[in-house]
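Engineer: Show me the folded form of this:
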Amino acid sequence: MSEIPIFARRVKAVREKRRMSQQELASKADTSYQTIWRIERGKHAEPGIYVARKIARALDVSLDYLVDLYEESHDSEINPADMDPVCA
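Structural biologist: Numbers count the residues shown, from 1 in each chain. A predicted model of the protein is given here:
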C-alpha cells in the first residue's frame, strides 16, 4: 500500500480539527463528496489546482500549507495545532 500524500493527510487533519464532515467540506468547497473521500484516502493524489485552492479556502488555510510548498514538516504525523491560517 502506498503512502498517503501530505496534501491528503493535511486536508483530513484540518477538516477534523474544524469538526467538519467530508460532505460539509465538499459543499463548502463546491466539489463532490467523492472528490474529498478520494483525496483523503490518497486515491486522488494530485487534484487540480482549482480544486485544491477551493479546498484550502473552505478549510481556511493556505494552499501552501496543504501542499507543503516550503517543506515545513517532514514528520509522518500532522499536528493540526501548527496549521497556517489563510493570510488576509
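Engineer: Lowest mean pLDDT among the helices and strands, pick that one out for the chain.
Structural biologist: helix 63-67 (a mean of 91; mean pLDDT, DSSP states H and E).
Engineer: Centre of the chain to it, how far?
Structural biologist: Helix 63-67 sits 8 Å away from the centroid of its parent chain (C-alpha atoms, centre = their mean, to the nearest Å).
Engineer: now stretch 36-53
Structural biologist: Worked out by C-alpha atoms, centre = their mean, stretch 36-53 lies 8 Å from the chain centre.
Engineer: What of stretch 58-74?
Structural biologist: 8 Å.
Engineer: Give the buried residues for that stretch.
Structural biologist: For stretch 58-74, burial by neighbour count (16 or more other C-beta atoms under 10 Å) applies to 58-59, 61-63, 65-68. From N, CA and C alone the C-beta is placed, and that goes for glycine too.
Engineer: Distance of Ala58 relative to Ile49?
Structural biologist: Here Ala58 is placed at a distance of 15 Å from Ile49 (C-beta to C-beta, to the nearest Å).
Engineer: what does Ser21 give?
Structural biologist: Taking C-beta to C-beta, one finds Ser21 at 25 Å from Ile49.
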